[in-house]
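Engineer: below: sequence and its predicted model.
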Amino acid sequence: MKEKTIDYVLRATWMAVSKMYNEEAGKAGSTMATGFALLSIDPEKGTPSTSLGPKMGMEATSLSRMLKTMETKGLIERRKNPNDGRSVLIYLTKFGLEMRDFSKGVVLRFDEAVKENVSEQDLKTFTEVANTITDLIANKKIYNQEIELKNK
């Protein structure tokens, strides 16, 4: 395979972005995953712990471990949901809000740097391609289709 596959380009790009985010987060004693969690929690209303996992694409056990670490570091606090005593809402602490702002700044700086170096049309095309790939995967239009073709 002389030509790089689409999969390779996506993986290599995401690995570079992930490494960059982890390096930036590390400067503040954090991780990319923690930053993503901070950005996924509603800063005013809190967020139900049950909706955080799907929002972040994480399994419940991994999320639970991360939330426990975040709570230990003083980034979040868990409170019973006043509307449903069985569920828990995750709220950001003052320190959590500060770290959320830091994470938001890192993400916005990345966006800014890309927009300074990539044309608006290329970014639009990139977004359209990424959305198409996501749609193909979500609607099982890649591998299920192959199986159907083999069965004909």
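Structural biologist: Great, that's in hand.
Engineer: determine the longest helix present in this structure.
Structural biologist: Looking across the chain with DSSP state H, the single longest helix is helix 94-117.
Engineer: so which residues make contact with the following helix or strand past that one?
Structural biologist: Past helix 94-117, further along toward the C-terminus, the next helix or strand under DSSP states H and E is helix 120-138. Contacting residues not belonging to helix 120-138 are listed as 6, 10, 114-115, 118, 141-142 [C-beta atoms under 8 Å, 6 or more residues apart in numbering]. In this view, the C-beta of every residue, glycine as well, is placed from N, C-alpha and C.
Engineer: OK, contacts around the closest residue to Lys104 other than its chain neighbours?
Structural biologist: Of all residues beyond its chain neighbours, the one nearest Lys104 is Leu39 (6.3 Å), with distances taken as C-beta to C-beta, 6 or more residues apart in numbering. Shown here is Leu39, whose contacts under the criterion C-beta under 8 Å, 6+ apart are 100, 103-104, 107.
Engineer: of the residues you listed - the most surrounded one?
Structural biologist: The most neighbours of any of those, using other C-beta atoms under 10 Å, belong to Ser103, which has 22 neighbours.
Engineer: flag the shaky bits of the protein, pLDDT-wise.
Structural biologist: Along the chain, segments meeting pLDDT under 70 span 1, 145-152.
Engineer: Ser18 in helix, strand or coil?
Structural biologist: Three-state call for Ser18 (DSSP: H, G, I helix; E, B strand; the rest coil): helix.
Engineer: next one: the nearest residue to it once chain neighbours are set aside from Pro82, what distance?
Structural biologist: Spatial nearest neighbour of Ser18, chain neighbours left out: Met32 (6.0 Å); criterion: C-beta to C-beta, 6+ apart. In this structure, Met32 and Pro82 are 32 Å apart, going by C-beta to C-beta, to the nearest Å.
Engineer: neighbour-wise, which of these two wins?
Structural biologist: Each of Met32 and Pro82 had its neighbours counted (other C-beta under 10 Å), and the higher figure belongs to Met32 (19 against 7).
Engineer: could you pull up the residues touching the more buried one?
Structural biologist: For Met32, counting by C-beta under 8 Å, 6+ apart, the contacting residues are 18, 21-22, 25.
Engineer: alright, I will stop here.
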